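> got a predicted structure here, sequence first:
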Amino acid sequence: QSVFEKIVDLGTMQVIGFEALARGPEGSSLERPEALFRIARENDLTYQLDCLCRRAALDGASGKIAADQRLFLNCLPSSIHDPIFSDDELVSTLTAAGLHPGQVIFEISESEAIKEYAVFERLRSHFRSLGFQFAMDDTGTGYSSLSALMELAPEYIKIDRSLIRTIDQDRARQALLRAFQEVGNQLGAKLIAEGVET
């Protein structure tokens, strides 16, 4: 199943969207997505689990997302092979959930996009032509973050919580975030910070 985490504009305190987060059976050892994906990797089922999570997210989002809000969906670059992503199937799935392509943001992990750049590039070009947008997830955790952002040019840049969590006490983290902000400005991308509780 999916749970939906709010994404808030701190300037207006308006909810601009939701990130769909996968959860396994409640109370079990597979409730957390880290455990689910670890077992999937060990059994060569990562692609199948990724597809299942996306379907659960779209099913769970039905009636929850307002017309001016966005749904952020995590996906692997290999998800381009998911049958749900055939144009007709995708449009009918979104329609059933009360969504249109302009509301859906595909989140790709920075490391996955870099490792599978050619696949990601095909995915991005095709789905952008249909009106979808992209977010780079886990930004700040890799060594080539800034150059990767320039190459991949997402519409949203999600800054990993490991960079944000103690940023109020750390000038080096503040400087790095300013660099991401400048790249975002150059690309016309919006920044989303995770782990802003402090």
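Now that the structure is in, tell me what you want to look at.

> for the rest of this, base every contact and every neighbour count on C-alpha atoms.
Will do.

> could you pull out the helices in the chain for me?
33-42, 46-61, 87-96, 110-115, 117-129, 145-152, 161-164, 171-187 (DSSP state H).

> tell me which of those sits nearest to residue 70.
Proximity to residue 70 (Cα to Cα) singles out helix 46-61 among these, at 10.5 Å.

> ok so, going back, quick one, which of the helices of the chain is nearest to residue 79?
Comparing those by Cα to Cα, helix 46-61 comes nearest, at 7.0 Å.

> helices or strands next to the closest one in the packing?
Contact partners of helix 46-61 among helices and strands, from 3 or more Cα pairs under 8 Å, 6 or more residues apart in numbering; DSSP states H and E: strand 2-9, strand 14-22, helix 33-42, strand 70-74.

> and the ones you listed, which is most packed in?
The highest mean neighbour count among the helices and strands packed on helix 46-61, using mean count of other Cα atoms under 10 Å, belongs to strand 70-74: a mean of 23.

> what lines up beside it in the sheet?
With DSSP bridges as the test, strand 70-74 is paired with strand 14-22 (parallel), strand 104-109 (parallel).

> can I get the helices of the chain in TSV including mean pLDDT?
Below are those laid out as TSV (pLDDT from 0 to 100):
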stretch	mean pLDDT
helix 33-42	92
helix 46-61	89
helix 87-96	81
helix 110-115	68
helix 117-129	80
helix 145-152	75
helix 161-164	91
helix 171-187	92
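
> a markdown table for the helices and strands packed on helix 46-61, including distance to residue 141?
Shown next, in a markdown table, are the helices and strands packed on helix 46-61 (distance: least, Cα to Cα, whole Å):
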| stretch | distance to residue 141 |
| --- | --- |
| strand 2-9 | 20 |
| strand 14-22 | 19 |
| helix 33-42 | 17 |
| strand 70-74 | 17 |
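
> out of the strands paired with strand 70-74, the one nearest residue 63 is which?
So among those, strand 14-22 is nearest, using Cα to Cα, at 12.6 Å.

> tell me how far that closest one lies from the chain's centre.
Strand 14-22 has its C-alpha centroid displaced from the chain centroid by 10 Å (Cα atoms, centre = their mean, to the nearest Å).

> equivalent analysis for stretch 124-137, please.
Using Cα atoms, centre = their mean, the offset of stretch 124-137 from its chain centre is 11 Å.

> start and end of it, how far apart?
From its first residue to its last, stretch 124-137 covers 14 Å (Cα to Cα, to the nearest Å).

> swap in stretch 186-193?
In stretch 186-193, first residue to last residue: 18 Å (Cα to Cα).

> go through it and flag the buried ones.
187, 189, 191-193 (16 or more other Cα atoms under 10 Å).

> hmm, who's touching that stretch?
150, 153-161, 164, 181, 184 (Cα atoms under 8 Å, 6 or more residues apart in numbering).

> can I have the buried ones of the residues you listed as a ChimeraX selection?
Buried members of the contacts of stretch 186-193, defined by 16+ other Cα under 10 Å, are picked up in ChimeraX with:
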select :153,154,155,156,157,158,159,160,161,164,181,184
